[in-house]
Structure formats: C-alpha cells, structure tokens
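Novice: what's the 3D shape of this:
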Amino acid sequence: MTGKKVKITNRLRVLRAEREISQEALAQEVGVTRVTINCIERGVYLPSLELGMAIARYFRKAVEDVFITEESHEKRSAKSA
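Specialist: As a prediction, this is how the structure comes out:
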C-alpha cells in the first residue's frame, strides 16, 4: 500500500438512530463501555476486528456496511485535493 492512506469511517450513529438504541445499550450488547462506543462513533478509536464484527452482527449488517474504508493517495497535490 505504498503511497495510499486508508481512512475508516463508520455509520454507528445512523444505525443507532434507526434502531432507537442508546450508546449505553449498544455497549452492553457488545460488551464494552459507552465511552468506547462514543469514541468509535467520533473516529477517535478504531475497534478491533472482533469488536467491529460484534457491532456489525448486532445490526445484522456486513462489516463493510458499518465501517467504510476510503483510500486516498498521500502524495496528492493541493490542487487535486
């Protein structure tokens, strides 16, 4: 992956809103704290594969539908950014 940087975002806030579930309730379902869910939602913390899969399973979604990867070229010029 030379020259490429992968950014991972997530849809947790949207999925929680659709299910009308709080951060606390989701945290209990997947075995972490509310603070962990909050940090994942804000992009401060990237969950382990195991936790990411547990979250996706809870929402009955593929991991790729919860966590979205975006590739960008590190050496892009300022004009094309």
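
Novice: once you drop chain neighbours, what's closest to the spatially most central residue of the chain?
Specialist: By CA atoms, centre = their mean, the chain has its centre lying nearest to Asn10, at 3.2 Å. Closest residue to Asn10 apart from its sequence neighbours, by CB to CB, 6 or more residues apart in numbering: Phe67 at 5.1 Å. For glycine as for every other residue, the C-beta is placed from the backbone atoms N, C-alpha and C.

Novice: residues touching the one you found, list them.
Specialist: Ile8, Thr9, Asn10, Arg11, Gly52, Ala56 (CB atoms under 8 Å, 6 or more residues apart in numbering).

Novice: now do Ile8 against Tyr58, distance only.
Specialist: 18 Å (CB to CB, to the nearest Å).

Novice: okay, these two: which has more neighbours?
Specialist: A direct count of neighbours by other CB atoms under 10 Å for Ile8 and Tyr58 places Tyr58 higher, at 15 against 12.

Novice: tell me the secondary structure at Tyr45.
Specialist: When classified by DSSP: H, G, I helix; E, B strand; the rest coil, Tyr45 comes out as coil.

Novice: which residues does it contact?
Specialist: Neighbour list for Tyr45: Thr36, Cys39 [criterion: CB under 8 Å, 6+ apart].
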